[in-house]
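Colleague: Model the following, please.
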Amino acid sequence: MRMSLPKLGVVCSGLTLALIVGCNNATPPAAPPVKPEVHSEGDGHKHAEGHAEVGPHNGHLIELGKEEYHAELVHDEKAGKVTIYVLDKEAKAAVPITATELTINLKHDGKGEQFKLAAAPQDGDGEGKSSRFASEDKELAEDLDHKGVEARLVIEIEGKSFTGDIKHDHGGHSHDAEKK
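Modeller: Numbers count the residues shown, from 1 in each chain. Got it, this is the predicted structure:
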């Protein structure tokens, strides 16, 4: 049987419409899995693990290892005091360690300096342990404010050495150390 071209077009259109309608009843393919967004320290967003950029004492967080631990820097400019709190991987709970001090290495104006922060145990840290370290060295407090300062925390936790870049911000104006 021969069909004219216009009739063939109508038949083809009808078949196409039937296929489209029939396909709409099919289950749509599953959406690809969504990968969680990962942000770097200091970008102002929450990390995939769910911890905030600000610690429980409203200080700046320092990543230690591949987020195995965190430290929180609290800088009291008026008192000239710097306090570091050692925190867990979620940056929420205190982690008491056996270290008696930790170190902040600074580099600014072409020269390097090193400052020690002594253990200042908190209630509940346990005998011979501390989750808080403090310094009342006004030079450290001032040096953290230098423009272009590079600062790194050096700490030992359970026999393993960790270093973390210190990024310091003063609510609106920043003195962040640049990673090299």
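
Colleague: can you give me the strands in this structure?
Modeller: 60-64, 69-76, 81-87, 101-108, 111-119, 132-135, 150-157, 160-165, 169-170, 173-174 (DSSP state E).

Colleague: what packs against the longest one?
Modeller: Judged by 3 or more CB pairs under 8 Å, 6 or more residues apart in numbering; DSSP states H and E, strand 111-119 is in contact with strand 81-87, strand 101-108, strand 132-135, helix 138-143. In this view, the C-beta of every residue, glycine as well, is placed from N, C-alpha and C.

Colleague: Where does the prediction get shaky in the protein?
Modeller: Low-confidence segments of the chain, defined by pLDDT under 70: 1-52, 168-180.

Colleague: circling back: could you point out which of the strands of the chain sits nearest Asp125?
Modeller: Closest approach to Asp125 among the strands of the chain is made by strand 132-135 (7.7 Å; CB to CB).

Colleague: partners of the closest one, with directions?
Modeller: strand 81-87 (antiparallel), strand 111-119 (antiparallel) (DSSP bridges).

Colleague: Need these in TSV (columns: distance to Glu150 and mean neighbour count).
Modeller: Listed next are those as TSV, based on distance: least, CB to CB, whole Å; neighbours: other CB atoms under 10 Å:
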stretch	distance to Glu150	mean neighbour count
strand 81-87	16	23
strand 111-119	9	14
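
Colleague: To what extent is the closest residue to Leu102 other than its chain neighbours buried, counted in neighbours?
Modeller: Nearest residue to Leu102, sequence neighbours excluded (CB to CB, 6 or more residues apart in numbering): Ile155, at 4.5 Å. Ile155 has 23 neighbours, counted by other CB atoms under 10 Å.

Colleague: Glu67 is in contact with Asp88, isn't it?
Modeller: No. Glu67 is beyond contact range of Asp88, at 9.9 Å (criterion: CB atoms under 8 Å).

Colleague: overlap in contacts of those two?
Modeller: Counting by CB atoms under 8 Å, 6 or more residues apart in numbering, Glu67 and Asp88 have no common neighbour.
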